[in-house]
Structures are given as structure tokens and as C-alpha cells.
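J.: How does the following fold in three dimensions:
(2 chains)
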Amino acid sequence: MPEKWIVLRNCGVIDPKRITTYLDRDGFKALKKALAEMPPEQIIEEIKVSGLRGRGGAGFPCGLKWELARKAQGDEKYVICNADEGEVGTFKDRYILERDPFTLIEAMAIAGYAIGAKRGYIYLRAEYHHLLDLLGKAISQAREKGFLDHFEIAIHEGAGSYICGEESALMESIEGKRGEVRYRPPFPPSRGLWGKPTIINNVETLMNIPQVILNGAHWFNQIGTERSKGTKVFSVSGDVKKPGVYELVLGSQLRELVMDLALAEKVKIIQVGGATGRIIPYDMIDTPLSFETILGAGAITVFDESRDIIDIVHRTIEFLAEECCGKCAPCREGTEVMAEILERFSCGEGVERDIGVLEELSNAMMLSSLCGLGQAAPNPVVDSLQYFRSAYESRIRKN
Amino acid sequence: MIPTQGKKQEDLLILLEEAQNKLGYLPEELMAELAKSLDMSISDVYGVATFYSFLSTKPQGRNVIRICKCLPCLLKNAQAIIESVERETGIKPGETAPDGKFSFELTNCIGACDEAPAMMLNNEVHVNLTPGKISQILKACK
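T.: I've put the predicted structure just below:
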């Protein structure tokens, strides 16, 4: 399936510093249409029918999330844009924010109107501090033009923490606390930021909203596969000739992205979805990219034949052990023990029972961790044991 | 050290970020002062201060070097960059130079994987690094 620009349609076309260049590209028409012609319920219905699902990795239906927040009781409600793009190998949101901050602002204003919120936050990771000024100026320009009369947007800067991309940790961080995850339920649409109904959407999810409003749900609904509508923006890096950001219709093959567009050669391993994503061998490169198969937040890291799978998994688990918030034992202890075992394998000092321990730990963590990090942390271990088991067996100490 | 009038507990992280920017680190006295004015325990303030990797409770150099050590950068030979920073500054990751010019840290993914290897120098991102580039960038530091 081809490349198609819905999310990236303005990137490289408009001047991100000048709102007039955005207005020339139908900018804020969707917001005007929404405010003038569409009651909030109709907007939500449109998003629901479009089939738009969350692009941050979890794939939750966007319209349903908005509907829950709309229907929830609360004197105040909030819209949060998750711009804490911390997944290893992901940089698409940075690319988008650098080139088209206005679509995001318009989308947040539509979201605010739809759920009945007067205030929105953009949670921007500390590593993207260099975007603060650009984003702030884009918000001021939108305000001066009168597009934010009903809705106020504040930028909240993170302070260096991967887990704060997890929605409940993100809200804790906005509330000024340690970014530790919350027990759920209650879920954010009923009790989120400051205990009020809140929606949290990824940058890329929101970028789709104005086009859905302007072109209609049925236009969007015809793009993609049965359960994955629209496009996905991918960040491709590693052993490829053309690393970068690519937007493809959902359901496109991994081969098209990695081999045809990013020009990889002699591929051995592909990590799809970053540290908590899936690891697959080259012979599965014809897998389509969709919510039904593999996707995550769209981080694609390519490893050629010179790379060692144990090293890759070891580095990945070390990262997760460092970034774990420490709240629940399965993740806090599990990632540490896994890192220790993988360290031994990486220097050829694995012992016979280690593989069984890794499998047992993986099961326990997937079942009992509090949040997505802990539940998905074993993915690289589970996948590599499935597809590259002999690499582990060859590192077991002989004597 | 940091004005706290009218501030609430929910402003703690923002106040700590402000202090970090202004003072380069978070001294114990500052955390005690914040705890008092926000009506929280010192350990709660310390808990937030030590949770985030861009906040430091130890004095840092005037320039903080953060080299990305995640896989996409490692694949593009971040190790050579780490070694060239060690040579140029005379310090290892986790250390601050005795003259206070540099602190050197390894950090997790900074979202510049398409232009790896990458690093942050204070708030700036530098990409497509080579040992030659490192030498130039660090020489320009004050």
C-alpha cells in the first residue's frame, strides 16, 4: 500500500512560525465548522465512525474515549496532548511538532469543545525543550486570531522520565509529583487530572482530527484495514540507508517501509514499537503493519546481520529497568533480574535454568504489572526466545 | 532562592525545574525551603527531585553533556562519541570536571534516532556526531 499524507500533509509545506501559511492550507476550517455546525455529540459520533484509534501504542478507540469524558460528570474537564515521546527509536512527534504545530492546536481546540473542556495541556518531554518556543508562539498566534476564545492551552515541560509517557504517570507529573503510575480503574475519562474527567491523546492521534472533521468519517474509514483505519507515521532508524519519518496507509507491509523506503540491506532483526515493542526476524518481513498485527507507536529499529540478538535484548531490558517507576514489584524487580540474567548471557555465562527463569518471570510480569511498561517489558525476551532461542542456548556455560 | 508566593504543592515540579535552570542543581537548603513554603515534608520534595533525570541534587558543571546510549545511537557508534568526550573533557560518564566546566552523563533516547549518534548539550540537541565534531562543539563551550 502506498505512502499517504494525512498527518504530515502540512509538514514541509507551511512555515511553522507563521499562522497565515497554515490558514492558506484550510487551517482552522475544521474548528470553525465544528463550532458553527456540529453539536459536540455529533463530533464525537464522527470520530467514532471514522474508526480512529490511539497512535501512542495502545490503540484505544479515540471517539469512545471522548464520549466517556463527555458523559462523565465534572465541573472541569481537561484535554491533554501527550508529547512525551520517549519510546526508544521514536521521533515522529518531534518531526510533526517542528513542522506543523498549528494542526495540533486546532485539534486540541476541537477536542475541548467536544468533551466540554476549557483547558488543555501539552506535556512536552524535557528532551524537546528546543520546541518550547515554537509551540508557545504557535499557541499565541492562534489566540490572537481568536481561535482559542473557548479553550486555553498550556505547555507543561517534563523533566526527563520515560514513564511519564504513560498516561497516569503523565498526570501525576502535571500535578507536580513523582511520575508513578496510578491504579486503574478509575480511568482518566471519568477521573483523570486533578480527579476530573480527562482525555489524553498522542500528538499523532490529534493530528488526524481536523481532516476527519473536514472530510467526514466515511472518507477516513475507507483508508486502511478492517480494524486499523487511516495512516500511521513511522520512525525508522538503525541499519538503513534512509532513516526518517514515513507515513503509510495502515496495513502496509513492513517490507515496503524497511526495504523499499528506508533502503535496508542484509536485515536480520527488526524491533517494532521500541523497547516495549516486538522483535521479529527478517523472514517475517511481509507482516502487515496494523493494530491486528504489530504496530506500537511506530518505532522501527532495523538491525543487520552483524548485530547480536542477546546484546539487543540486554540493552533493551537495561533501559526498561532504568526507566521503571518502581511502584509495582513485578516490574521493578522483574526488569532488574532480567537485566542481570541477560548480562550473564551476553558474556557467555548463562546457566541451564536461566531460560526457564526468564520465561517464568515474563509470565508473572505480563500478568501482574500495574501498567503497560511492566506488562510489555518482557516482549523482547519472549520474542527473542521464540525466534532466536539458539542464540541463548549457545551462550550457556559449558561445564 | 526561588519565589514561592502563592504557589501550591502542584507547582513543585515546575519550581524544581526553575531552580535547576537557575542554580544548575537543587541544593538541600532549597528543597527544605520549598518543603516549608509548600507545606510538605522534605522527603516528598526529595522524592520528586530524585525521580526525574534532568533534575540533579548534586552540583553540576556549567555545561551538561548528555550522550544518548539507546540502541539507535549505539548502532551508529555512540561508543566512539562517548570515548571522544572522555578524551576531550578528562571525565567519565557520571562525573563533573574539577574546574566545573563540564558534567558528563549518558542518557536514554532523546528522539533524534534519524540523525544518530546524538547528544544534548544543556538544552541544545546535536546530531550526526563524529569525534571531530565533538571536539569543535566542546571547544566553543565556556
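J.: Identify the residue nearest residue A:308 in space, chain neighbours excluded?
T.: Across the structure, with C-beta to C-beta, 6 or more residues apart in numbering or on different chains as the measure, the residue nearest residue A:308 apart from its sequence neighbours is residue A:391 (7.5 Å). For glycine as for every other residue, the C-beta is placed from the backbone atoms N, C-alpha and C.
J.: where's the one you found, which helix or strand?
T.: Secondary structure here is read from DSSP states H and E; on that basis residue A:391 sits in helix A:389-393.
J.: Number of residues surrounding the residue nearest to residue B:30 when sequence neighbours are not counted?
T.: Nearest in space to residue B:30, with sequence neighbours left out and distances taken as C-beta to C-beta, 6+ apart, is residue B:1 at 5.1 Å. The criterion is other C-beta atoms under 10 Å in any protein chain shown. On that basis, residue B:1 has 13 neighbouring residues.
J.: any idea whether residue B:1 is helix, strand or coil?
T.: Secondary structure of residue B:1, reduced to three states by DSSP: H, G, I helix; E, B strand; the rest coil: coil.
J.: what residues are up against it?
T.: Remark: with contacts taken as C-beta atoms under 8 Å, 6 or more residues apart in numbering or on different chains, residue B:1 is in contact with B:19, B:22, B:23, B:27, B:29, B:30, B:33.
J.: I'd like to know which of those residues are buried.
T.: Buried positions within those, assessed by neighbour count (16 or more other C-beta atoms under 10 Å in any protein chain shown), are B:19, B:30, B:33.
J.: Looking at the contacts of residue B:1, which are in helices?
T.: Residues of these located in helices (DSSP state H): B:19, B:22, B:23, B:29, B:30, B:33.
J.: How about the most centrally placed residue in chain A, nearest residue that isn't a chain neighbour?
T.: Centre of chain A computed as the mean C-alpha position; nearest residue by C-alpha atoms, centre = their mean is residue A:56, 2.2 Å away. Closest residue to residue A:56 in three dimensions, ignoring its sequence neighbours and counting by C-beta to C-beta, 6+ apart: residue A:202, at 3.4 Å.
J.: Surely the one you found touches residue A:93?
T.: Yes. Shown here, residue A:202 and residue A:93 form a contact pair, counting by C-beta atoms under 8 Å, at 7.3 Å.
J.: between those two, which one's more packed in?
T.: Between residue A:202 and residue A:93, counting by other C-beta under 10 Å, residue A:93 is the more crowded of the two (31 against 23).
J.: That one and residue A:204 touch, don't they?
T.: Yes. Applying C-beta under 8 Å as the test, residue A:93 and residue A:204 come out as touching, 6.5 Å apart.
J.: okay, now the domains of chain B?
T.: Chain B is divided into the following domains under automatic domain parsing: B:9-51, B:63-139.
J.: want to throw these into TSV with mean pLDDT?
T.: As requested, these are arranged in TSV below (pLDDT from 0 to 100):
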stretch	mean pLDDT
domain B:9-51	96
domain B:63-139	97
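J.: Show me which residues of chain B sit near chain A.
T.: Contact residues (C-beta under 8 Å from any C-beta of the partner chain) of chain B with chain A: B:9-14, B:16-17, B:20, B:47-48, B:51-55, B:70-72, B:74-75, B:107-116, B:120, B:123-125.
J.: Among those, name the ones in helices.
T.: Secondary-structure check on the residues of chain B next to chain A using DSSP H: residues within helices are B:12, B:13, B:14, B:16, B:17, B:20, B:47, B:48, B:71, B:72, B:74, B:75.
J.: all strands of chain B, in order?
T.: If you assign secondary structure with DSSP state E, the strands in chain B sit at B:63-68, B:102-107, B:119-121, B:124-126.
J.: As TSV, those with mean neighbour count would be great.
T.: Converted to TSV, the strands of chain B look like this (neighbours: other C-beta atoms under 10 Å in any protein chain shown):
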stretch	mean neighbour count
strand B:63-68	24
strand B:102-107	21
strand B:119-121	23
strand B:124-126	16
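J.: Make JSON lines out of the ones you listed and add distance to residue A:385.
T.: Formatted as JSON lines, the entries for those read as follows, by distance: least, C-beta to C-beta, whole Å:
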{"stretch": "strand B:63-68", "distance to residue A:385": "28"}
{"stretch": "strand B:102-107", "distance to residue A:385": "28"}
{"stretch": "strand B:119-121", "distance to residue A:385": "34"}
{"stretch": "strand B:124-126", "distance to residue A:385": "36"}
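J.: what's the closest of those to residue A:8?
T.: Judged by C-beta to C-beta, the one of the strands of chain B that comes nearest to residue A:8 is strand B:124-126, at 20.8 Å.
J.: Could you list every helix and strand that that closest one packs against?
T.: Packed against strand B:124-126, as judged by 3 or more C-beta pairs under 8 Å, 6 or more residues apart in numbering or on different chains; DSSP states H and E, are the following elements: strand B:119-121.
J.: mind checking how far the strand it packs on is from the chain centre?
T.: If you compare the mean C-alpha spot of strand B:119-121 with that of the full chain, they lie 9 Å apart, counting by C-alpha atoms, centre = their mean, to the nearest Å.
J.: partners of that strand, with directions?
T.: Sheet pairing for strand B:119-121, assigned by DSSP bridges, gives strand B:63-68 (antiparallel), strand B:124-126 (antiparallel).
J.: For the stretch 201-350 of chain A, which residues are neighbours of chain B?
T.: Going by C-beta under 8 Å from any C-beta, the residues of the stretch 201-350 of chain A near chain B are A:235-239, A:243-245, A:271, A:301, A:303, A:307, A:312, A:315-316, A:319, A:322-323, A:325.
J.: Type out the PyMOL command that picks the buried ones from these.
T.: Selection of buried members from these for PyMOL, criterion 16+ other C-beta under 10 Å:
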select buried, chain A and resi 235+236+237+238+239+243+244+245+271+301+303+307+312+315+316+319+323+325
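J.: Can you flag which of the residues of the stretch 201-350 of chain A next to chain B belong to strands?
T.: In strands, judged by DSSP E, the following of these are found: A:235, A:236, A:237, A:238, A:244, A:245, A:271, A:301, A:303.
J.: Farthest-apart pair in those, please.
T.: Looking at those by C-beta to C-beta, the two members farthest from one another are A:245 and A:303, with 19.6 Å of separation.
J.: circling back: just the buried ones from the residues of chain B next to chain A, in ChimeraX syntax?
T.: Taking 16+ other C-beta under 10 Å as the burial criterion, the selection of buried members of these in ChimeraX is written as:
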select /B:9,11,12,13,16,17,20,48,51,52,53,54,55,70,71,72,74,75,107,108,109,110,111,112,113,114,115,116,120,125
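J.: Identify the residue nearest residue 63 in space, chain neighbours excluded?
T.: Just going to use chain A. In this structure, residue A:63 finds its nearest non-sequential neighbour in residue A:48, 3.1 Å apart by C-beta to C-beta, 6+ apart.
J.: meant chain B, my bad for not saying
T.: Here the nearest residue to residue B:63 in space, its sequence neighbours aside, is residue B:141; by C-beta to C-beta, 6+ apart that works out to 4.7 Å.
J.: Identify the residues contacting the one you found.
T.: Counting by C-beta under 8 Å, 6+ apart, residue B:141 touches B:62, B:63, B:101, B:102, B:121.
J.: Now do it against residue A:132, distance only.
T.: Applying C-beta to C-beta, to the nearest Å, one obtains 22 Å for the distance of residue B:141 from residue A:132.
J.: Next: residue A:107.
T.: Distance, residue A:107 to residue A:132, using C-beta to C-beta: 19 Å.
J.: Likewise for residue B:67?
T.: In this structure, residue B:67 lies at 22 Å from residue A:132, with C-beta to C-beta as the measure.
J.: How far does the helix or strand harbouring residue A:140 sit from its chain's centre?
T.: Element membership of residue A:140 [criterion: DSSP H and E] is helix A:132-144. Going by C-alpha atoms, centre = their mean, the spacing between the C-alpha centre of helix A:132-144 and its chain's C-alpha centre is 24 Å.
J.: give me phi/psi at residue A:121?
T.: The main-chain torsion angles of residue A:121 are listed as degrees, to the nearest 10 and equal phi -120, psi 140.
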